[in-house]
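Participant: here is a sequence together with a model predicted from it:
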Amino acid sequence: MKRKKYIPSDEECSFQFHPIFTHLSEEEMEVVNFEKECDFFNRGDILYHEGRKMTGFYCVNKGVVKIYKTGIDGKEQIIAFAQQGNILGYRSVLSDENACTTAQIIEDAVLCFLPSHLLIDLVKNNSAFSFQIMKLTCQELGEANSYITDIAQKTVRERLAEILILLKDKFGLDNDNILNISLTREELANIVGTATESVIRLLSEFKDDKFVELNGRKIKILDIQGLTKTANI
C-alpha cells in the first residue's frame, strides 16, 4: 500500500539543522526541499536491505531506526541506532556500492528521502558540504573501530554495561531514570554480540548488584558509576 506523503514543517525537518546541510546556499536548500520525499513508517518496516542497490539516502525526523548486518546463520548484529537528525545510507550512495547493512524501524518514525543524484551533485559542487560529509564518515569510522576493539577485547559483561551507558548517552533517561528506548532482550543481545540467554542472565546480575531495575523492556538506571566501572571504560 502506498504511503501518504508527509512534509515536515521547518521546525520538524532535520535536513534544516544537520551540520552537513548548514553550508548549503539558499538555492541548494530549495532544491533539497523540492526533491525530498517524507513518509511515515511503522515499527518493523524495512527502509533498505543489505546487498540491495541504494537509490538515495534518508534523514530521520522522528522515531528510531536500527542498523544491522546479518551473519551466515541469519543472526542479526546491530551496529548502530539512528534517531532524529541522523542520516542513513549516504556512504553506499557515495561509494556506488550495494547497501552493506539493513535498516529497520523500531519506533514509529518519519523519515525524509533524497535521491542519489542530489547527494552526488552537492558533493561535487559544494566543498563545505563535502568536508562535512568527510568529517561525518571519519566519525562513524572511529565509532566502528571502537566497537570492533570492544568485541575483541572485552567480556560480555563489560560490553553489556558499556552498551547500557551508550544507550543512556544517545537516547537519554526520562524523569524516572528509565532509558528512552525500549529494546527486546534479543535486540540487546544483538548489540552486544552474544546469546539472548546471556543477556537475560547478566541483566539479572546487574539487578542484584543494584545497577538497574527491570520492568519488561524498561530498564531503569540506578548506578551509572557501577556500570562505568563494570564496563572498564
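Facilitator: The structure has been received and is ready for your questions. From a predicted model like this one, the values you see are computed outputs, not experimental measurements.
Participant: who are the packing partners of the longest helix seen in the chain?
Facilitator: Using DSSP state H to define each element, the chain has its longest helix at helix 127-153. Helices and strands touching helix 127-153, by 3 or more Cβ pairs under 8 Å, 6 or more residues apart in numbering; DSSP states H and E, are strand 76-82, helix 90-95, helix 116-125, helix 156-171. Quick note: C-beta positions are derived from backbone N, CA and C, even for glycine.
Participant: off-centre distance for the worst-scoring helix or strand of the chain on mean pLDDT?
Facilitator: Least confident helix or strand of the chain, by mean pLDDT, DSSP states H and E, is helix 127-153 with a mean of 85. Relative to its parent chain, helix 127-153 has a centroid offset of 13 Å by Cα atoms, centre = their mean, to the nearest Å.
Participant: same check, this time on stretch 225-232
Facilitator: Counting by Cα atoms, centre = their mean, stretch 225-232 comes out at 23 Å from the chain centroid.
Participant: that one: which residues count as buried?
Facilitator: The neighbour-count check on stretch 225-232 (16 or more other Cβ atoms under 10 Å) flags G226, L227, T230, A231 as buried.
Participant: can you tell me which of those residues is nearest G56?
Facilitator: Nearest to G56 out of those is A231 (Cβ to Cβ; 37.1 Å).
Participant: for the closest one, which residues are in contact?
Facilitator: K154, E158, R159, A161, E162, I165 (Cβ atoms under 8 Å, 6 or more residues apart in numbering).
Participant: which residues of this protein score low on pLDDT?
Facilitator: 1-17 (pLDDT under 70).
Participant: give me the domain ranges for it.
Facilitator: As given by automatic domain parsing, the domain ranges for the chain are 14-151, 154-231.
Participant: show me the contact partners of stretch 19-28.
Facilitator: For stretch 19-28, contacts defined as Cβ under 8 Å, 6+ apart pick out F15, M29, V32, I87, L122, N126, A128, F129, Q132, I133, K135, L136.
Participant: please, a PyMOL command that selects the buried ones among those?
Facilitator: Listed next is the PyMOL selection for buried residues among these, using 16+ other Cβ under 10 Å:
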select buried, resi 15+32+87+122+126+129+132+133+136
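Participant: could you dump the contacts of stretch 19-28 to CSV with distance to I67?
Facilitator: Below are the contacts of stretch 19-28 laid out as CSV (distance: Cβ to Cβ, whole Å):
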residue, distance to I67
F15, 19
M29, 27
V32, 23
I87, 12
L122, 23
N126, 26
A128, 27
F129, 23
Q132, 20
I133, 18
K135, 19
L136, 15
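Participant: now I133: how far from I120?
Facilitator: 11 Å (Cβ to Cβ, to the nearest Å).
Participant: which neighbours do these two share?
Facilitator: Taking Cβ under 8 Å, 6+ apart as the criterion, I133 and I120 both touch L94.
Participant: what's the closest of the helices and strands packed on helix 127-153 to G216?
Facilitator: Closest of the helices and strands packed on helix 127-153 to G216 is helix 156-171, at 16.0 Å (criterion: Cβ to Cβ).
Participant: okay, now A80: neighbour count?
Facilitator: 18 (other Cβ atoms under 10 Å).
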